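Chemist: Let me see the structure of the following:
(chains A and B)
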Amino acid sequence: MYEEPYKWVEAVGNRRTYLDEQFKEGAPVVGVTCERGTLLMTMSKGTPKLYEIYDRLALGGMGHPADLEKLRFNLLEMAHVEGFNRSASDVTGGRLVKYGMAPAIKQAFEEVFKAPFIVKILLAELGQKAGKDGFLTINYDGTFEEKSQYAVLAATSAVEQKMAGYLREQSLASLADAVGAAIRTWAVGDRAQRRALDEGEGHDEARTDPAQQATDAETLYAYLRRCIAEKTVECVLLDRHVQGPSKYRALGGDELKTLLPNELSPLPS
Amino acid sequence: MSLQSDFYQLLKEQGYVFGVLGQAARGHELTTATTILAFRYRDGVLVAGDRRATAGNMVMYDRTDKVLEIDRHSVMAIAGVPATAYEMARILEHSFKYFRRTQLQELSFEGKLRALSKLLKDNVPAALAGTGAVVPIFAGYDFEQETAKIYFYDILGAEFEGVDYAVSGSGSPTIRGILHYVNTWGEQPLSAMPEEQATVQALRLLTSAAEFDSATGGVNREAGLYPVIKFITASGVRTMPDVQLKPLFEAKVSRHV
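Modeler: Residues are numbered from 1 along each chain as shown, chains lettered A, B, ... in the order given. From the prediction side, this is the model:
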């Protein structure tokens, strides 16, 4: 039936609707750069969503855990074989995404007889020099974008724009600034997604209640305190100051407690 | 079904072949590297190596780094053919990183030892043909046993624990005897020595090796060339910088030479 072009277009359209539905309840991911390096942040329930890919590359993802695992392994294979055969300097986010990951995701998306990857990916890269850090995002259809300073993943592009708009106004100088800005931006995104879900279920107060639209710090912290009680804060850093080639480290325990805004302490242990 | 954690296997699946097969050409001298040593000191393990690479009577290079940091907690010191040894180090470095990143946990110390053993085993034909013999020392921090450990190997891949110390390379017969003497009848065993004393000991040992083995490079003060000395403790691998080696050498080693 898909030999006819319009049927194929219709099938791809249906697939887009199906995929959009899958991300509605996913946790947003935030990436920001600061003096110390490149930071990725999200909140998860159980399965981690942030990973080390190579010496200067980290991955954040939304979507189906099995699909994310498959693509993570593909990235790891590509990066390590390339790093071994050539040099660590040749393993760049741009090459991995443009010539490896994005074409594979696009192909899976357009082959309507096969299952697509239910994933959105954010790849963070620590540059050789400060100011050269960057991000790449890949959508479930293989569309990719390069960004500097910050990047976000969320259920819809409208939510992503809202998060980016909030992030644009934040100070990202120190690591503590970056962690604070990232977690508040995450709250902006997650609240917007929850609101969209409520609207979809016919809760009109979600549309009209001004409290639900607010993005002042106090409201965001109140929301975050509720989230932290039932989820785990994931925060990883590609740390410019780490000795040796591998720059990735997870921020956890006491270090994360000292970096998070005071309004969120004490964190549940 | 596999755990997809073996980088060496992944390389082989992509057509990579390890080991230089073939007979060494008659009259052609291969580049080799010596002398390396490791011993336990008070805080962990010290690994040291001279900087010289030779081919027969020819000094090929005087700035060779034979003490290679494989990851944040392991070091491989190399004696033998550098071409093969560096390739092994590259494979190990990527294998450990690949394991950690795919499995979301560090490869165990035993797993790391086994990885080197497998490479040496695959290298046996080249080693016996005379084109790629490597006799390394592997040292690292074992988090399961909460201690730094030393292992040495033969060219066939057998691994042996150097409980107090291990040596390899052409200068090793000279310093093996000294290590035994110092460790048994010295004022204190090697494992009780603080970092500075252990460093002085390593400098003296390598200077002794250079005295009796032309393939071992000593300290070249004119060129500012000192041996490579690394320490392995629970907090990771640390290199002693030349600016700290220089005064130690001048105060505690050179006046006795």
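Chemist: Please count neighbours and contacts with C-alpha atoms only from this point.
Modeler: Will do.
Chemist: Run a quick neighbour tally on the spatially closest residue to A:S148 that is not a sequence neighbour.
Modeler: Distances taken as C-alpha to C-alpha, 6 or more residues apart in numbering or on different chains put A:G134 closest to A:S148, at 4.5 Å, once the chain neighbours are dropped. The tally of other residues near A:G134 (other C-alpha atoms under 10 Å in any protein chain shown) stands at 23.
Chemist: Does A:G134 touch A:G127 like I think?
Modeler: Yes. Assessed by C-alpha atoms under 8 Å, A:G134 is found in contact with A:G127 at 7.2 Å.
Chemist: Specify the local secondary structure of whatever residue of the stretch 101-250 of chain A ends up closest to chain B.
Modeler: Taking C-alpha to the nearest C-alpha as the measure, the point where the stretch 101-250 of chain A comes nearest chain B is A:G244, at 7.6 Å. Using DSSP: H, G, I helix; E, B strand; the rest coil, the structure places A:G244 in coil.
Chemist: Name the nearest residue to it, sequence neighbours excluded.
Modeler: Nearest to A:G244 is B:R72, by C-alpha to C-alpha, 6+ apart, at 7.6 Å.
Chemist: Equivalent analysis for A:H241, please.
Modeler: Nearest one to A:H241, counting by C-alpha to C-alpha, 6+ apart, is A:R36 at 6.9 Å.
Chemist: Might you report the residue contacts of the one you found?
Modeler: Listed by C-alpha atoms under 8 Å, 6 or more residues apart in numbering or on different chains, the contact partners of A:R36 are A:174-175, A:239-241.
Chemist: what do you get if the cut-off is 10 Å, keeping everything else the same?
Modeler: Contact partners of A:R36, counting by C-alpha atoms under 10 Å, 6 or more residues apart in numbering or on different chains, are A:130, A:173-176, A:178, A:237-242.
Chemist: same deal with A:P261?
Modeler: Going by C-alpha under 10 Å, 6+ apart, the list of residues near A:P261 reads A:176-177, A:179-181, A:183-184, A:221.
Chemist: Tell me the residues of the stretch 101-250 of chain B that contact chain A?
Modeler: Applying C-alpha under 10 Å from any C-alpha of the partner chain, one finds that the stretch 101-250 of chain B approaches chain A through B:101-102, B:104, B:237-238.
Chemist: how many other residues sit next to A:D20?
Modeler: So A:D20, with other C-alpha under 10 Å, has 14 neighbours.
Chemist: Confirm it sits in a helix?
Modeler: Yes. Counting by three-state DSSP, A:D20 is located in a helix.
Chemist: List the contacts of residue 252.
Modeler: I went with chain A, as the question did not name one. By C-alpha under 10 Å, 6+ apart, the contact set of A:G252 is A:233-236, A:258-259.
Chemist: To clarify, I was referring to chain B.
Modeler: The neighbours of B:K252, taking C-alpha under 10 Å, 6+ apart as the test, are B:197, B:200-201, B:203-204.
Chemist: Verify the stated contact: B:D164 with B:N183.
Modeler: Yes. At 8.2 Å, B:D164 counts as touching B:N183 under the criterion of C-alpha atoms under 10 Å.
Chemist: tell me, what's touching those two both at once?
Modeler: B:39, B:189-191.
Chemist: Report the spatially nearest residue to whichever residue of chain B sits closest to chain A, omitting neighbours in sequence.
Modeler: In chain B, the residue that lies nearest chain A is B:R101 (5.9 Å; C-alpha to the nearest C-alpha). Closest residue in space to B:R101, ignoring its immediate chain neighbours: A:E52 at 5.9 Å, by C-alpha to C-alpha, 6+ apart.
Chemist: and A:L96, how far is that from chain B?
Modeler: 16 Å (C-alpha to the nearest C-alpha, to the nearest Å).
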